[in-house]
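3D, please:
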Amino acid sequence: MRRWAKWLAAAVVALLLLVLAGALALPYLVDTPRIQAYIATAAAQALGRPVRFSAVSFRVVPLPAMELRNLEVADDPKFGTAPFLKLDTGRVRLKLWPLLRGQIELGDIVLEKPFITIIQGADGRLNIATLGAPAEPRQPGKPSRPGTGTSSAGAVAVSRVRVDDGVLVFVARGKGETVSQYRLEDLDLALTGSGPQIAFTGDARLQPGSVKLTLRDGLVAMAAARSLTEASMRGKVSVDGGDLGPLAAASIGPTPALGGAVKGTLTLGGTVGAPTATGDVEVAKLTATQTNPQCPEPKRRTLTIPTVKMNVGWQEPRLTSRPLTATIDSGTVTTQLTVTLDQGVRVQLGDLGIKALPLERVLVDFLCQGYAITGPLDLTGGLSFAVADVLNTLSGPGQLRAGPGKVVGSQALALIGSVVRVGGAVSSILSADLPSRVFESPLEFDSITGTYTLTNGVAVTRDLLYASRAMKVAIAGDYSVPTSRMNLDMVITHSRGEIRAKVTGTTASPSIRVSPASILRDVDPEKAQKGIQDLLKRFGR
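So this is what the prediction gives:
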């Protein structure tokens, strides 16, 4: 028994020595220049792009592999002369048993810290659309020399490609300029399989913003595709980011500065060139911060929305959320969101519904509006605007009800006060017995109701009604959001009379013209004439 054990041990040792000797001899047995030419030709034919590298070396451990240095894959010439992919070191592993028999068969390909650039042109085409297309007609290959293998470059098959710590840059170009640019950093990606289906998994961080992306169960089907971009795909991607502020700033601009943590899971579909995504995304503690000169100290104000939930869908060039829901204190906002990225960013809020939104949080604490009111807001309607010019593109209908609450904005109080003071002066002279104090600061109201239509930043209303115990104010006319210009007809009705006024100018400097007829309707004409003369004399002093 011991004799057989000794023979078995000796055989194992001999086999190990043989394998070790073979491994040590491989660098001398392998025709490195031939393999270098083979890899370059095989890669170029597989990618449809010229492939270059400065040097090749052979490694034995841990597995036989060729190391490629300063590797570059050319881009489609229509997108420029910079390389599509470049890296300092790449490894192409060679299958050991075929190599010992003098044949070359490629195993795994490992790309360490590659830099990949994907470009979308102004016409929507991607530079990866021509990947896999034949670069040049194949020349008949020379017969392989003994010991160098017989596989042709065109028959190359790779079972696995791994990307370690890569960077992928996506650049969207307009007409002659870069519209947007995003980066995937710390990219670890594994592609397995060949032929009709390629499976993929990976992890990356989307920059700016350091949003972590995790890809799972990915599959690209090449069977019926004429090019890589036409290949169908599916998979799942998890999104997890502690602060979406930098990403939002890159997408929609730096003001207001947005922040918040984002998390969600999306299902991928569509094709490689036109991917789609659907799923649920939640933003926790969404903040909007801006510096407003008209605010008292502090000038820098932040509005916090505790929760935003979206059921999102993406199909280029459109992002939708059906629905989007948000909460502020006891108030809720629901809408059907559509963001269109074609020729600028445009936002549409359909089926907009606001319930019990605390106006003080928005108009007073955040915006410091001169026409601010407090109280809950209920609103239905819709809204759309272009992100590049929000105020001048605001459009949509609406119906609102606010209150009970208070008018606290200084400009609103001054406007109502001016109308009442002018009308009150005339009324008191004519013994119309208008109360001396029609309003107080802040001015309490029961409700504000009405409908409006916004068109390119101009709001038009015919039935806006302010109601309180002291008076009612009916307003009809138009108001320009970007310029604050007004052209309003105002009727103030109180228990002992009525004042009609025309309000023009701007909110900061309104012009008020009170109609004497609205005050003098029930007054004797001779008495009215004498009263007006007395009023004019008083103003002339």
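
Make sure residue 38 is indeed in a helix.
Yes. Assessed with DSSP: H, G, I helix; E, B strand; the rest coil, residue 38 lies in a helix.

Where does the prediction get shaky in the stretch 301-450 of the chain?
416-441 (pLDDT under 70).

Now the phi/psi pair for residue 389, please.
Note on residue 389: its backbone torsions stand at phi -150, psi 70 [degrees, to the nearest 10].

number of nearby residues for it?
With neighbours defined by other C-beta atoms under 10 Å, the count for residue 389 comes to 13. The C-beta positions use only the backbone N, C-alpha and C, and glycine is treated the same way.

Equivalent analysis for residue 466, please.
When neighbours are defined as other C-beta under 10 Å, residue 466 has 24 of them.

Domain ranges for the protein, per the record?
Here the domain assignment for the chain is 30-128+157-194, 343-541, based on automatic domain parsing.

Serialize those domains to TSV and add fields for distance to residue 324.
TSV is the format used below for the domains of the chain (distance: least, C-beta to C-beta, whole Å):
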stretch	distance to residue 324
domain 30-128+157-194	22
domain 343-541	8
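
So which of those domains is nearest residue 325?
domain 343-541 (9.6 Å; C-beta to C-beta).

that older thread, right, so of the domains of the chain, which gets closest to residue 267?
domain 30-128+157-194 (18.9 Å).

Show me the one of the domains of the chain that comes nearest residue 311.
Closest of these to residue 311 is domain 343-541, at 13.7 Å (criterion: C-beta to C-beta).

Just the pLDDT for residue 10.
The model reports residue 10 with a pLDDT of 53.

Now do the helices in the protein.
Secondary structure of the chain (DSSP state H): helices at 2-29, 32-47, 96-100, 245-252, 359, 390-393, 410-429, 516-520, 525-540.

OK, contacts around residue 327?
The contact partners of residue 327, by C-beta atoms under 8 Å, 6 or more residues apart in numbering, come to 305, 306, 307, 333.

Actually, residue 336.
Per C-beta under 8 Å, 6+ apart, neighbours of residue 336: 320, 321, 322, 323, 324, 349, 350, 351.

how does it look with 10 Å?
Counting by C-beta atoms under 10 Å, 6 or more residues apart in numbering, residue 336 touches 320, 321, 322, 323, 324, 348, 349, 350, 351, 352, 353, 382.

How many residues are close by the nearest residue to the fourth one once chain neighbours are set aside?
It refers to residue 323. Nearest in space to residue 323, with sequence neighbours left out and distances taken as C-beta to C-beta, 6 or more residues apart in numbering, is residue 334 at 5.4 Å. Using other C-beta under 10 Å, residue 334 has 15 neighbouring residues.

Put the buried members of the contacts of residue 336 into a PyMOL selection.
Command for PyMOL that selects the buried part of these, burial taken from 16 or more other C-beta atoms under 10 Å:
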select buried, resi 320+321+323+324+348+349+350+352+353+382
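
hmm, back to that, of the contacts of residue 327, which count as buried by neighbour count?
Listed as buried from those are 305, 333; burial here means 16+ other C-beta under 10 Å.

Pick out the most distant pair among the contacts of residue 327.
That would be 306 and 333, which, of those, are the farthest apart (C-beta to C-beta) at 11.9 Å.

Identify the contacts common to these two.
326, 327.

What residues sit buried inside stretch 227-235?
Buried residues in stretch 227-235, counted by 16+ other C-beta under 10 Å: 227, 228, 229, 231, 233, 235.

Let's have the residues you listed in a markdown table, adding pLDDT and distance to residue 292.
A markdown table is the format used below for those (pLDDT from 0 to 100; distance: C-beta to C-beta, whole Å):
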| residue | pLDDT | distance to residue 292 |
| --- | --- | --- |
| 227 | 75 | 51 |
| 228 | 76 | 49 |
| 229 | 80 | 46 |
| 231 | 86 | 50 |
| 233 | 91 | 46 |
| 235 | 95 | 44 |
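
Just name the closest of those to residue 269, please.
The closest of the buried residues of stretch 227-235, once distances to residue 269 are taken by C-beta to C-beta, is residue 233, at 7.2 Å.

which residues touch the closest one?
By C-beta under 10 Å, 6+ apart, the contact set of residue 233 is 198, 200, 218-221, 268-276.

Quickly note the distance from residue 185 to residue 116.
Distance from residue 185 to residue 116, counting by C-beta to C-beta, to the nearest Å: 11 Å.

More neighbours: which of the two?
Higher neighbour count among residue 185 and residue 116: residue 116, with 21 against 14, using other C-beta under 10 Å.

Please report how far the closest residue to the more buried one other than its chain neighbours lies from residue 202.
Nearest non-adjacent residue to residue 116, counting by C-beta to C-beta, 6+ apart: residue 168, 4.6 Å away. Separation of residue 168 from residue 202 (C-beta to C-beta): 10 Å.

any shared contact partners between these two?
Shared contacts of residue 168 and residue 202, defined by C-beta under 10 Å, 6+ apart, comprise 184, 187, 189.

pLDDT and distance to residue 301 added to those residues, as a markdown table?
Conversion of the shared contacts of residue 168 and residue 202 to a markdown table gives the following (pLDDT from 0 to 100; distance: C-beta to C-beta, whole Å):
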| residue | pLDDT | distance to residue 301 |
| --- | --- | --- |
| 184 | 91 | 34 |
| 187 | 94 | 38 |
| 189 | 93 | 43 |
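
between these, which is nearest residue 56?
Proximity of the shared contacts of residue 168 and residue 202 to residue 56 was ranked by C-beta to C-beta; the top entry is residue 189 with 23.7 Å.

residue contacts, the closest one?
Contacts for residue 189 were tallied using C-beta under 10 Å, 6+ apart; they are 111, 114, 116, 161-164, 166, 168, 200-204, 215, 218.

Compare those and tell me which is most surrounded.
Counting neighbours by other C-beta under 10 Å, residue 163 leads these with 24 neighbours.

Contact partners for that one?
Shown in contact with residue 163 (C-beta under 10 Å, 6+ apart): 85, 87, 109-114, 116, 187-191, 200, 202, 204.

cutoff 6 Å now
Taking C-beta atoms under 6 Å, 6 or more residues apart in numbering, we find residue 163 in contact with 111, 187, 189.

In this structure the first one contacts residue 90, no?
Yes. Residue 111 sits in contact with residue 90 when judged by C-beta atoms under 6 Å, with a separation of 5.1 Å.
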